[in-house]
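Participant: Next one to model:
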Amino acid sequence: MIDYDNFQKSLKRLEQQYKNYRALDESLPDVTQEAIAESVIQRFETCYDCLWKVLKRYLIEKLGLADVPNSPKPLFRLASENDLFASPLEEWLRYADARVNTAHDYSGEKAQACLELMGDFIHDAINLYQTMSGEAWE
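Facilitator: Numbers count the residues shown, from 1 in each chain. Purely as a prediction, here's the structure:
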């Protein structure tokens, strides 16, 4: 049986912090605004890592695939081939690139590019969660 709890919790935390980021008050000190943005990126990283690991288990346990890759991009290709994504594979590859790009750099262009993907990532991750778990998103 696949445990979706960590994926669900990390996605809910990302979703909430992204809402906080989108509602930022411009009068807040820059350091506070940066901390919230950095928190969104860190929560994205955690959620992304939970997502691809649960996806791997799903492909093995639910779809019965024997030769499942152990890294995100090839895993996403396999998931796309099995119609698990509502959005194009290219979007998922962009999320993978964003995760690699933010691994040790939360400043500047890479961070901003990652933040610009968050709405789409959250939407796609929720769709994938619902597909894999069979549960509605609350």
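Participant: Quick check: mean pLDDT of the lengthiest helix in the chain?
Facilitator: As assigned by DSSP state H, the longest helix anywhere in the chain is helix 30-61. For helix 30-61, mean pLDDT rounds to 95.
Participant: neighbouring contacts of the helix or strand following that helix?
Facilitator: Per DSSP states H and E, the first helix or strand lying C-terminal to helix 30-61 is helix 72-81. Residues external to helix 72-81 that are found in contact with it (C-beta atoms under 8 Å, 6 or more residues apart in numbering): 48, 52, 55-56, 59, 65, 68-69, 85, 88-89, 92-93, 96, 99. C-beta here means a position set from N, CA and C on the backbone, and glycine is covered the same way.
Participant: filter those to the buried ones?
Facilitator: The neighbour-count criterion (16 or more other C-beta atoms under 10 Å) marks 48, 52, 55-56, 59, 65, 68, 85, 92, 96, 99 among those as buried.
Participant: residue ranges with poor pLDDT in this structure?
Facilitator: 104-107 (pLDDT under 70).
Participant: One more pass at 90, please.
Facilitator: Scanning the chain for pLDDT under 90 picks out the ranges 1, 25-28, 30, 33-34, 101-113, 138.
Participant: coming back round to it: relative to Asn127, which of the buried ones among the contacts of helix 72-81 is nearest.
Facilitator: Proximity of those to Asn127 (C-beta to C-beta) peaks at Phe85, which lies at 7.6 Å.
Participant: does that closest one sit in a helix, a strand or a coil?
Facilitator: Classification of Phe85 by DSSP: H, G, I helix; E, B strand; the rest coil places it in coil.
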